[in-house]
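>>> sharing a model that was predicted from the sequence below.
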Amino acid sequence: MSGRVGIGVVGAGSIGIRGALEHLCLPDVQDVVSLATVCDPVPGRAKAAAEKYRVARAYESYDDLLADDQVHAVTLCSPIGLHFEQGLAAIRAGKHIHFNKTMTVTAAEATTLIEEAAKRDVKLVASPGQILFPVHRAIRRLILDGAIGKIAWAATGAAFGDYHEKEGLRTGEDVLTNINPSWYWRKPGGGPLYDMTVYGLHALTGVLGPAKRISGFSAVAIPEREFRGQKYPCDADDNSLFVLDFGEGVFAFIFGTHAGMPFTFGHPNYYGSKGAITGILLNGEPVDFPGRQETRIEPYGDVDLLPYVTGKHREMGERHVYADVMQLVRWIREGIPSGATAEHARHVIEIIEAGYRAAETGQAQDLTTTFNPPDVSKS
């Protein structure tokens, strides 16, 4: 495809606005992208978003968006529990898809999407594209080269806290700023593993490769939350601690919880017989990678080095999401696949799903999915 890619933004919530609409309406991408449609079931929200971000058409119905022949691809910015159903419908309508994390809730759902997409030559890009970050590719190269000796263990995870309740788009009074976050606390698709730990898991497995087994514990620790004076029941686990087995005596500690953040978000720690990589530091010194001198030496500073993150985009939030969307645009226009693959996302989903199963049964669970880690020989 040589023309502009018509994007349909599915969901005008927090990530739809910050990760898609705010970025894709800027002048510097209009030669390759057209904001064709936005849809949201909340009355008036899609219309308000279309007016604010210069989107051509607004729908309350997802079916209407899929029927729009100016939509070539969709970015699914809806709750995670809807991704499988919406993704399958988009594939069958011939629309390419960018999935915001997490792609699906189960590995079987992810496999169905991958197989259906292959039958119809539909392209899938799945966030979070952590292995696109220069620092993670550099860390993979360092570990493969033995920079910290024989690796023993690693650790990553995330804490939920009250992050979503305090996002700016949830504290206002109009339809674009009073977005309810309660789905994050409910099954299917809620909880810190699917929402937050997924970043560290993509980085960890991108660096070390596919894992083999998982065991651990998981529970609901806070059965009720409050948002804007209303109480909401919580049935998604919010306190999960797991151990991953990568084989050859390499293990990793994984957590997704409601409190506590001992490791840098999205940047795992790796410990070996000759040293350690903690966040972005190799034995206490910044990891070197192409372009490091051009960016901030801090966690997520190198997001500015992702493709397409230039100019005003560097000043905005969720720019890594925008970069993943543009990976799909490039694939459609130029035939260059993204490193943020659906197969990698499926493996991470299986880790989460199998972790819950291990906690429920008290037995370690074998992992059956795999993916090809990135070739960093030239990184």
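Everything's here; your move.

>>> so where's the protein uncertain?
Applying pLDDT under 70 to the chain flags residues 297, 299-300, 379.

>>> then the helix ranked longest in it to PDB, C-alphas only?
Ranked by residue count under DSSP state H, the longest helix found in the chain is helix 342-361. Extracted C-alpha coordinates of helix 342-361, given in PDB (Å, rounded to 0.1, in the frame of the first residue of the first chain):
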ATOM      1  CA  ALA A 342       1.900 -11.500  18.000                       C
ATOM      2  CA  GLU A 343       3.900 -14.700  18.800                       C
ATOM      3  CA  HIS A 344       5.900 -13.000  21.500                       C
ATOM      4  CA  ALA A 345       2.800 -11.500  22.900                       C
ATOM      5  CA  ARG A 346       1.100 -14.900  23.000                       C
ATOM      6  CA  HIS A 347       4.000 -16.400  25.000                       C
ATOM      7  CA  VAL A 348       3.800 -13.600  27.600                       C
ATOM      8  CA  ILE A 349       0.000 -14.200  27.800                       C
ATOM      9  CA  GLU A 350       0.600 -17.900  28.400                       C
ATOM     10  CA  ILE A 351       3.000 -17.000  31.200                       C
ATOM     11  CA  ILE A 352       0.300 -15.000  32.900                       C
ATOM     12  CA  GLU A 353      -2.400 -17.500  32.300                       C
ATOM     13  CA  ALA A 354      -0.300 -20.400  33.400                       C
ATOM     14  CA  GLY A 355       0.800 -18.500  36.500                       C
ATOM     15  CA  TYR A 356      -2.800 -18.100  37.600                       C
ATOM     16  CA  ARG A 357      -3.300 -21.800  36.900                       C
ATOM     17  CA  ALA A 358      -0.200 -22.800  38.900                       C
ATOM     18  CA  ALA A 359      -1.500 -20.700  41.900                       C
ATOM     19  CA  GLU A 360      -4.900 -22.300  41.700                       C
ATOM     20  CA  THR A 361      -3.600 -25.900  41.500                       C
END
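
>>> what packs against that helix?
Applying 3 or more CB pairs under 8 Å, 6 or more residues apart in numbering; DSSP states H and E, we find helix 342-361 packed against helix 107-120, strand 124-126, helix 198-208, strand 213-219, strand 239-247, strand 365-366. Every C-beta, even on glycine, is put in place using the N, C-alpha and C of the backbone.

>>> and the angle for it with helix 107-120?
Between helix 342-361 and helix 107-120, the angle comes out at 160 degrees (axes from the mean of the first three to the mean of the last three CA atoms, to 10 degrees).

>>> how about the helices in the protein?
Counting by DSSP H, one finds helices in the chain at the ranges 14-15, 22-24, 45-53, 62-67, 83-92, 107-120, 134-144, 192, 198-208, 319-334, 342-361.

>>> can you check which of those gets nearest to Ala219?
For Ala219, the closest of those is helix 342-361, at 7.7 Å, according to CB to CB.

>>> buried residues in that closest one, which are they?
342-356, 358-359 (16 or more other CB atoms under 10 Å).

>>> list the contacts of Glu224.
Under the criterion of CB atoms under 8 Å, 6 or more residues apart in numbering, the neighbours of Glu224 are 231-234.

>>> how close does it get to Phe160?
Computed with CB to CB, to the nearest Å, the distance linking Glu224 and Phe160 is 14 Å.

>>> residue contacts, Gly317?
Gly317 sits next to 18-19, 22 when contact means CB under 8 Å, 6+ apart.

>>> turn the residues you listed into TSV, including neighbour count and distance to Trp331.
Below are the contacts of Gly317 laid out as TSV (neighbours: other CB atoms under 10 Å; distance: CB to CB, whole Å):
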residue	neighbour count	distance to Trp331
Arg18	20	23
Gly19	26	18
Glu22	19	22
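
>>> what's the closest of these to Val309?
Nearest to Val309 out of these is Gly19 (CB to CB; 12.2 Å).

>>> what is the burial count for the closest residue to the closest one other than its chain neighbours?
Once flanking residues are discounted, Gly19 sits nearest to Val321: 3.3 Å by CB to CB, 6 or more residues apart in numbering. Counted with other CB atoms under 10 Å, residues neighbouring Val321 total 23.

>>> again, but for Pro223
Neighbour count of Pro223, defined by other CB under 10 Å: 10.

>>> shift numbering so it begins at 22
OK, 22 is where the count begins now, so the last one is Pro244.

>>> contacting residues around the residue nearest to it when sequence neighbours are not counted?
In space, and not counting its chain neighbours, Pro244 is closest to Cys255: 5.6 Å by CB to CB, 6+ apart. The contact partners of Cys255, taken as CB under 8 Å, 6+ apart, are 206-207, 211, 241, 243-246.

>>> ditto for Ser23
By CB under 8 Å, 6+ apart, Ser23 lies in contact with Arg354.
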